[in-house]
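A.B. asks: A structural model of the following input is requested.
(2 chains)
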Amino acid sequence: MISVDESRCIGCPACYKACPQGLINLQDSEVSRIISFARCREDCDICIKICPVEALALAEILQEAQLSFVLTACSYCGKGFATAPMLERVRSILPVDLQKNASGQSWLDICPSCRREQESEKAVRQILARRS
Amino acid sequence: MSVFVDQERCIACHACEVACKRLHGGKSNVSLQIVDGKAALPLLCRQCEKPACVAACYAGALVKESDAVAFHAEKCTGCDLCLLACPFGVIWSEKLAYKCDLCSGEPVCVATCPTGALAEDYQAVTQVIRSRAARAFRRGFR
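C.D. replies: Prediction:
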């Protein structure tokens, strides 16, 4: 029996992946993420223990909950890739000097696959310059 | 310890990816990026000196150990915060996160690379790059 503190939840997939009964569901669309908590009668607290923000707690009453998050769009390819509170958490943890790349651009708003793409494009420009 | 890449030697054969997959249950910790069919670059964990992923990991699954970033899967909660924190996008996730683990000291990608584009020995890689630059300089490059 769990309850969710909606103001704390950052929309990460930790509890969804951890629930041994599959009672927590997570669905991503292009632009949003919906996490639904089904009524849980299990005597287990795995999700509560692993939650990064302590948003889950044991509750007396059985309750269902559904949380929806807007996925932040990658500033490069435009596809939604992370919830805003997740990015905000990473932003608040990382030292400010680490949040910009060599060209002064913030890389946190770029999705991991575009980060790889940018990195390789940069390297390839150097290789091609030497080839010519 | 880290795997270093000599960009100019990579021929985009995907051998590093395949070798890595073979050793890591079908998941590759190396991503070969091919740009416009002109050149390629294998990307993998750089074992950062100040690792952003370690800072983001609240579970203690990612830790800086001597000169590498170690990943302890048994502590990972699968929250994906490390994915977002990695500036190079070289952490992936399914149920749990995964990244280059240096194959317990003998990276299989290094052993497999047919052109020697991947190496653990920083000195060896930089020596090749320096001597290549010196030859180019002698030919009147730049």
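A.B. asks: Chain B: strands as residue ranges?
C.D. replies: B:4-5, B:31-35, B:39-43, B:62-65, B:68-71, B:92-93, B:97-98, B:118-119 (DSSP state E).
A.B. asks: could I get those strands as JSON lines with mean neighbour count?
C.D. replies: For glycine as for every other residue, the C-beta is placed from the backbone atoms N, C-alpha and C. JSON lines is the format used below for the strands of chain B (neighbours: other Cβ atoms under 10 Å in any protein chain shown):
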{"stretch": "strand B:4-5", "mean neighbour count": "20"}
{"stretch": "strand B:31-35", "mean neighbour count": "19"}
{"stretch": "strand B:39-43", "mean neighbour count": "22"}
{"stretch": "strand B:62-65", "mean neighbour count": "18"}
{"stretch": "strand B:68-71", "mean neighbour count": "20"}
{"stretch": "strand B:92-93", "mean neighbour count": "19"}
{"stretch": "strand B:97-98", "mean neighbour count": "21"}
{"stretch": "strand B:118-119", "mean neighbour count": "22"}
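A.B. asks: Just put those strands in CSV and tack on distance to B:Cys53 and mean pLDDT.
C.D. replies: CSV is the format used below for the strands of chain B (distance: least, Cβ to Cβ, whole Å; pLDDT from 0 to 100):
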stretch, distance to B:Cys53, mean pLDDT
strand B:4-5, 19, 92
strand B:31-35, 16, 94
strand B:39-43, 15, 93
strand B:62-65, 5, 95
strand B:68-71, 7, 95
strand B:92-93, 11, 96
strand B:97-98, 8, 96
strand B:118-119, 21, 92
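A.B. asks: Make JSON lines from those and add distance to chain A to it.
C.D. replies: Listed next are these as JSON lines, based on distance: least, Cβ to the nearest Cβ, whole Å:
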{"stretch": "strand B:4-5", "distance to chain A": "8"}
{"stretch": "strand B:31-35", "distance to chain A": "3"}
{"stretch": "strand B:39-43", "distance to chain A": "4"}
{"stretch": "strand B:62-65", "distance to chain A": "12"}
{"stretch": "strand B:68-71", "distance to chain A": "14"}
{"stretch": "strand B:92-93", "distance to chain A": "8"}
{"stretch": "strand B:97-98", "distance to chain A": "10"}
{"stretch": "strand B:118-119", "distance to chain A": "14"}
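A.B. asks: Tell me the pLDDT of residue 105.
C.D. replies: By default, I'm working from chain A. pLDDT for A:Gln105: 82.
A.B. asks: oops, chain B please
C.D. replies: pLDDT at B:Gly105 comes out at 88.
A.B. asks: can I assume it is in contact with B:Met1?
C.D. replies: Yes. Taking contacts as Cβ atoms under 8 Å, B:Gly105 lies within contact range of B:Met1: 7.4 Å.
A.B. asks: Tell me which of those two has more neighbours.
C.D. replies: Higher neighbour count among B:Gly105 and B:Met1: B:Met1, with 13 against 9, using other Cβ atoms under 10 Å in any protein chain shown.
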